[in-house]
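# here is my input, please return the structure:
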Amino acid sequence: VSRTTLFADLYDGAVSHLYGGLLKAAFGQAFDVLDKIAFLVNEYLGLGFPSRRTGFRVFWRDDEDLKAKVPASGTRVRKSLRDRDDYGVVSLVDLALDLEHERYKRISDLRNAQTHRCLVLTKKALHGSDPEGVMRIEYRSMVWETLRLLRIVKSALFSVAVLVSAEERRRSGANPKSVA
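Numbering: from 1, shown residues only. Next up, the predicted model:
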């Protein structure tokens, strides 16, 4: 990446360099990987849910609970997934529920701001949202939040590997819980 690229500095405290753009792209793509994992599980296991309903945070949740707006902590897992005795599915459901927990609320808020409104990286700590819906976060804080999200993605990818391994053993007639 070239450090010689010139950007206009509007003196509003916003980070205006290529690395800021790459950081925001990495954050968005990490969340996209989670959504793709839900899509993959749906297709691989032949669950048949519409692809528009395979977002990582909601895919695992029971439809009736989603319609009734039951909080994630009290929701049930989809019956087709609940009936599967699979460590990979359990782990993915647990990760999805973790993303709804207060400790990860900031990651979800950042993703919503970046996707649906406006997320501005700043040079100094100016956290919060403007009345116009602009969310601000310090560049270094965004680095740490992106790293936290990438750790979740890494765990989700390991869980997918466990799920696929168990399903392949099941399809071959072997014990899906054996480690062989």
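# how about the helices in the chain?
18-44, 56-59, 63-67, 79-82, 87-100, 105-116, 139-171 (DSSP state H).
# sketch out the low-pLDDT regions of the protein for me.
Within the chain, the stretches with pLDDT under 70 are 1-17, 53, 62-63, 65-76, 125-131, 175-180.
# contacts only, for the spatially most central residue of the chain.
Closest residue to the average C-alpha location of the chain: Phe31 at 3.8 Å, with CA atoms, centre = their mean. Going by CB atoms under 8 Å, 6 or more residues apart in numbering, Phe31 touches 56, 111, 149. No exception for glycine: its C-beta is placed from N, CA and C like everyone else's.
# kindly reformat the residues you listed as CSV containing distance to Val134.
Output for these, formatted as CSV (distance: CB to CB, whole Å):
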residue, distance to Val134
Phe56, 26
Arg111, 15
Leu149, 21
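# any idea how far the closest residue to Gly28 other than its chain neighbours lies from Gly55?
Nearest non-adjacent residue to Gly28, counting by CB to CB, 6 or more residues apart in numbering: Gln114, 5.9 Å away. Distance, Gln114 to Gly55, using CB to CB, to the nearest Å: 15 Å.
# between those two, which one's more packed in?
The neighbour comparison of Gln114 against Gly55 (other CB atoms under 10 Å) goes to Gln114, with 19 against 14.
# that one: what's it in contact with?
Contacts of Gln114 by CB under 8 Å, 6+ apart are 24, 27-28.
# with Phe27 instead?
110-111, 114, 142, 145-146, 149.
# what separation is there between it and Glu168?
Taking CB to CB as the measure, Phe27 and Glu168 are separated by 33 Å.
# again with Val160
Taken as CB to CB, the span from Val160 to Glu168 is 12 Å.
# so which of the two has more stuff around it?
Val160 (19 against 11).
# so who does the spatially closest residue to that one that is not a sequence neighbour touch?
Leaving aside its sequence neighbours, Val160 sits nearest to Ile37 (CB to CB, 6+ apart; 5.7 Å). Residues near Ile37 by CB under 8 Å, 6+ apart: 56, 92, 156-157, 160.
# if I look at Ile37, how far off is Asp86?
Relative to Asp86, and taking CB to CB, Ile37 is found at 14 Å.
# go on, Ser80?
12 Å.
# looking only at neighbour counts, state which of these two leads.
Asp86 (20 against 14).
# confirm for me that that one is in contact with Leu163.
Yes. Under the criterion of CB atoms under 8 Å, Asp86 makes contact with Leu163 at 5.9 Å.
# give me the phi and psi for the closest residue to Gly133 other than its chain neighbours.
Leaving out its chain neighbours, the residue that sits closest to Gly133 by CB to CB, 6+ apart is Arg117, at 4.3 Å. Backbone torsions for Arg117, taken as degrees, to the nearest 10, come to phi -130, psi -110.
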